[in-house]
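J.: Fold the following.
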Amino acid sequence: MFILKFFAGILAFVLTVTSGFIKFVFCICATICTLISILAGICAVLFFIQGDYSLLIQVLIFGFLFSPYGIQAVAATIIAFIDLARDSLVKFVATPRY
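T.: As a prediction, this is how the structure comes out:
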């Protein structure tokens, strides 16, 4: 049981470092993706004014993917699962064996 907890502790440490790095990168990428989404919205308005509806639909889909409800939501879910796995491992390592 000691060896299992030892490797679980190492894995928990690796997940802690990985989670922190991923959260840092996510914050930077979320800002960039939000700016891209805003630019796509502006382009969509311009394409609507021009009457080019095929490009309008393409830009709206592109804008949705880069909005907080697209790729960012998927990335936040993955980060939440990594944190959940880390918390479960830490709880397993910290629980005394009787």
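J.: ok, how many other residues are close to Ala94?
T.: 10 (other Cβ atoms under 10 Å). In this view, the C-beta of every residue, glycine as well, is placed from N, C-alpha and C.
J.: and if you look at Phe7?
T.: Residues near Phe7, counting by other Cβ under 10 Å: 12.
J.: for stretch 26-38, what is the average pLDDT?
T.: Mean pLDDT, computed over stretch 26-38, is 92.
J.: what's it in contact with?
T.: 63-64, 66-68, 70-72, 75-76, 79 (Cβ atoms under 8 Å, 6 or more residues apart in numbering).
J.: Mind giving me the PyMOL select for those residues, buried ones only?
T.: Restricted to buried positions by 16 or more other Cβ atoms under 10 Å, the PyMOL selection for the contacts of stretch 26-38 reads:
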select buried, resi 63+66+67+70+71+72+75+79
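J.: Throw the contacts of stretch 26-38 into TSV and include pLDDT and secondary structure, thanks.
T.: Shown next, in TSV, are those (pLDDT from 0 to 100; DSSP: H, G, I helix; E, B strand; the rest coil):
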residue	pLDDT	secondary structure
Gly63	91	helix
Phe64	91	helix
Phe66	89	helix
Ser67	86	coil
Pro68	86	coil
Gly70	86	coil
Ile71	86	helix
Gln72	87	helix
Ala75	90	helix
Ala76	91	helix
Ile79	93	helix
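J.: roughly how far is the longest helix belonging to the chain from the heart of the chain?
T.: Ranked by residue count under DSSP state H, the longest helix found in the chain is helix 2-50. Relative to its chain's centre, helix 2-50 lies at 4 Å (Cα atoms, centre = their mean, to the nearest Å).
J.: Please consider this matter closed, and thank you.
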